[in-house]
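> Mind looking at a prediction? Sequence and model below.
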Amino acid sequence: MIKIKPLVSALALATYATYGAGAIAQDDLLFLEEVVVTAQKRAKSIQEVPISITAFSGDFLEKSGIKDMADVAAITPNFNIASTAEPASNRIQIRGIGAAGNNAIEPSVGVFIDGVYYPRPGAVLGMLMDVNSFEVLRGPQGTLFGRNTVAGALNVTTRNPSEESEGKIELGYGDYGLYELGASFNGSITDSVNGRLAIKSSSRDGYGYNTLQEEEYGEKEELLVRGKLSFDINEQFSVLVTADYGEIDSGGVGPAVLNSTVTPEFVAANLAVYGDSPVTEDSYDWNIHNVNDDHYSDEQQGLSFDANYEFDNGMTLRSVTALREWEADNTRQDSMAVVSLIAGDTHYKTDTLSQEFHLMSAGDETVDWMAGLFYYEEEYDIYTSRDFGEGFCDPTIATSASFLLASCQAGVQEGVLDIDFQQELESIAVFGQATWNITDAWDTTAGLRWTKDQKQADYVAGYYNPAAFILHANESVLGMELEESQVTWFANVNYRITEDLMLFATASTGYKSGGFNSQSSGPAVLGLERRTFDAETTTNYELGLKSTLLDGAMTANATLFRMDIDDFQDRAFDGLSFIVVNAGKLRQQGVEVDINWAPIEQLRMVAGIGFMDSEYLEFDGAPALPGGGVQDLAGERRTYSPEWMTSLSADWTQSFGNDMVWFVGGSYSWTDDQNVGSSSNNNPQSMQDAYAVVNARLGIAAESGDWDVTLFGNNLTEEGTCQTIFDQAFGGAQQSIDAANNTSVMRCAVSAPATWTLKGNYHF
């Protein structure tokens, strides 16, 4: 049944804007600022781009207090960031499709920052800084972007150098010991060289408290630096050089026991064996009661060269060369028990080289076209090492497998097992797109892409304490190779009924290469066949409209879509780790609506509505529920696919009459029921009830824009929700699994509590 009440505010806005305009005096109407996007490689108004896209300017993000991509997702239809206990495994998802980042699956959603492809989610989920525009493109993107994507792309541009000498300093202070400091400087170095430098740092204490260890957890520090130099060699040739560095240091998330899944047997087993239980009074109060020595560090750096040459006939040639490196260390307690059982570290390292060429026609011709060539290399290493904690051999092994106790205690306790996965990827693609401007009203576009991916990988795992065989097997699979090529395409037709109303229809396909399982499967040996998974393909259909209403005071855009995904790559949990499986056939279909309205000069409103119908068309042999046995999930809904997502934000600005203004704003986002399980077994215990998040802001500013001071409040109703739910690890020893009922004690990665920040900006 469709849930109507949560949509009232957003739909009432759209209805009133469409039918209630007569009550507003014509002189009071305000033309919306034009949103310019580069999704089709030419700077165009978003109202002229015939695809499903939501875009925000950097100024809007800053004024709204949006700090990272997860905040953007909260106000964007059918876009979601799923956070987990391990930041490197976070998922970037569009229309419910996205891959976890802590394994060798290729991303379903491509992230491009200043034209450079970022391959791993962990490298892009930090702070946003000095952003010019943020574009969310839904559906396959391959005939205009270098790296192919199956579900969509995030196209982010940051501010480029200019001749104008200017700067900004920003300071922030908030609860939980939050401090923020940022600055940007821009100016001319010589007549032909301009530079821009931006830096931002943030530090806060943890949200949570560990009642067992009597200490806070979840503290976080971030630093991001970006420098740009632009060289205008002559009127035709220019080069932009960008260097960036970022680091994150975090105390971890600390997932809570989900009390609704706790059984008496689980509590009794923990009390009997360990003398205590990890269960707390409230799953959502940010208190935990288990060993939590988690720590996460993340470091990345990059260098890119963006060269542009314009020929005498107006054609342009662009070359983007980029080198990037990302490293992350994640130290955590896998067992999350009241004593240390299994501790260890996972190290991630990615080195990439990309080279992209674009040749583009002058534009505004009968046929506008672009052709591209993309070359990409990636080395991706994942190394995991585990230690036995003081409670593993005795009392855990002593209680559950006493015959192993002597050998467990006699063997090594540190480095009891390790997994070393190394992969090399080489990809080349040729792509292009052409638009035939048939008349002033009719356009039709066709695009084609050929991609070839070559991968080779080694997997080596071993254990060095006899008792560690229950955790994973000795396995060595060397020289794994995969070579695939695929042709994908894009077709679009659009018709401008009037200057302010456009209809469009799109059909497109996407492709994501297969790969290799980088994690163990407990004591089982996977071997070459099960360690390899197949490619994933997408077929996408869209019908949409772009409209400008009320004499320019409103834009209302809507897209009806259907995405069919074959051999969808997803993960199954085996009790200790996750294994990639191909999940048959999946269909995601629905609608996306974006509304911007400025009814009077002082007021601006933004609404987003997403509806999604999700269904596995085929998925026999699906991962088991905790009690075991395979499933057939045909006809079932996909995880992370809520039926409804809505958001509404509004800002009011009023002059004091003395060269100062005051402003107040707020946002409301509502997400429907959804399964947020980290495994694709559709465990009913992983259901997250519908929830709403309310944010607000209040401030003053100079009418000149030279300074502003804003008080931000986030999650004001302190809604405690699970971003991800997963099985209690090492469940056998703690009797967390009820095989008869196919249930397990579950863990919940709880979202952030209510917070406030006071922030000031000074421009000079």
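Received, thanks.
> contacts, neighbours, all on C-alpha from now
Will do.
> distance of the closest residue in space to residue 302 that isn't next to it in sequence from residue 244?
Residue nearest to residue 302 in three dimensions, not counting chain neighbours: residue 324, with 4.3 Å by C-alpha to C-alpha, 6 or more residues apart in numbering. As defined by C-alpha to C-alpha, to the nearest Å, residue 324 lies at a distance of 9 Å from residue 244.
> Now do the shared contacts for those two.
The contact sets of residue 324 and residue 244 overlap at 301-303 (C-alpha atoms under 8 Å, 6 or more residues apart in numbering).
> For the one helix or strand the residue nearest to residue 302 maps to, which helices and strands make contact with it?
Assigned by DSSP states H and E, residue 324 falls within strand 316-333. With contacts defined as 3 or more C-alpha pairs under 8 Å, 6 or more residues apart in numbering; DSSP states H and E, strand 316-333 has these neighbours: strand 295-310, strand 342-360.
> re the thing from before, okay, residue 324 and residue 244: which has more neighbours?
The neighbour comparison of residue 324 against residue 244 (other C-alpha atoms under 10 Å) goes to residue 324, with 22 against 18.
> That one contacts residue 301, correct?
Yes. The criterion here is C-alpha atoms under 8 Å, and residue 324 meets it with residue 301 at 5.9 Å.
> Would you check that residue 153 makes contact with residue 109?
Yes. The pair residue 153 / residue 109 is scored as a contact, 5.1 Å apart, by C-alpha under 8 Å.
> What's the separation between the residue most central in space within the chain and residue 82?
Nearest to the mean C-alpha position of the chain, counting by C-alpha atoms, centre = their mean, stands residue 92 at 2.6 Å. Look at residue 92 and residue 82: by C-alpha to C-alpha, they are 7 Å apart.
> So for these two, which residues contact both of them?
Common neighbours of residue 92 and residue 82 are not found (criterion: C-alpha under 8 Å, 6+ apart).
> just to revisit the earlier point, of all the helices and strands packed on strand 316-333, which lies closest to residue 563?
Closest of those to residue 563 is strand 342-360, at 28.0 Å (criterion: C-alpha to C-alpha).
> what's the spacing between the closest one and its chain's center?
Relative to the centre of its chain, strand 342-360 is centred 16 Å away, using C-alpha atoms, centre = their mean, to the nearest Å.
> buried ones in the following helix or strand past it?
Proceeding N to C from strand 342-360, the next assigned helix or strand is strand 367-388, under DSSP H and E. Of all the residues in strand 367-388, those buried under the rule 16 or more other C-alpha atoms under 10 Å are 367-388.
> surely residue 384 meets residue 415?
No. Assessed by C-alpha under 8 Å, residue 384 is found out of contact with residue 415, at 9.6 Å.
> Need the helices and strands packed on strand 316-333 in a markdown table (columns: distance to residue 600).
Output for the helices and strands packed on strand 316-333, formatted as a markdown table (distance: least, C-alpha to C-alpha, whole Å):
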| stretch | distance to residue 600 |
| --- | --- |
| strand 295-310 | 41 |
| strand 342-360 | 40 |
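> Rebuild those strands as JSON lines, extending it with mean pLDDT, mean neighbour count and distance to residue 421.
Output for the helices and strands packed on strand 316-333, formatted as JSON lines (pLDDT from 0 to 100; neighbours: other C-alpha atoms under 10 Å; distance: least, C-alpha to C-alpha, whole Å):
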{"stretch": "strand 295-310", "mean pLDDT": "95", "mean neighbour count": "20", "distance to residue 421": "19"}
{"stretch": "strand 342-360", "mean pLDDT": "95", "mean neighbour count": "21", "distance to residue 421": "10"}
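> Any idea which of those strands gets closest to residue 535?
Closest to residue 535 of the helices and strands packed on strand 316-333, according to C-alpha to C-alpha: strand 342-360, at 21.3 Å.
> Run through the neighbouring helices and strands of that closest one.
When contacts are defined as 3+ C-alpha pairs under 8 Å, 6+ apart, strand 342-360 packs onto strand 316-333, strand 367-388.
> Minimum distance to residue 421: which of those strands has it?
For the helices and strands packed on strand 342-360, the distance to residue 421 is smallest for strand 367-388, at 5.2 Å, taking C-alpha to C-alpha.
> Which stretches in the stretch 351-500 of the chain count as strands?
367-388, 417-437, 442-463, 475-498 (DSSP state E, counting those that start in this stretch).
> Dump those strands into a markdown table; add distance to residue 562 and mean pLDDT as well.
As requested, the strands of the stretch 351-500 of the chain are exported to a markdown table (distance: least, C-alpha to C-alpha, whole Å; pLDDT from 0 to 100):
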| stretch | distance to residue 562 | mean pLDDT |
| --- | --- | --- |
| strand 367-388 | 27 | 96 |
| strand 417-437 | 22 | 96 |
| strand 442-463 | 19 | 96 |
| strand 475-498 | 15 | 96 |
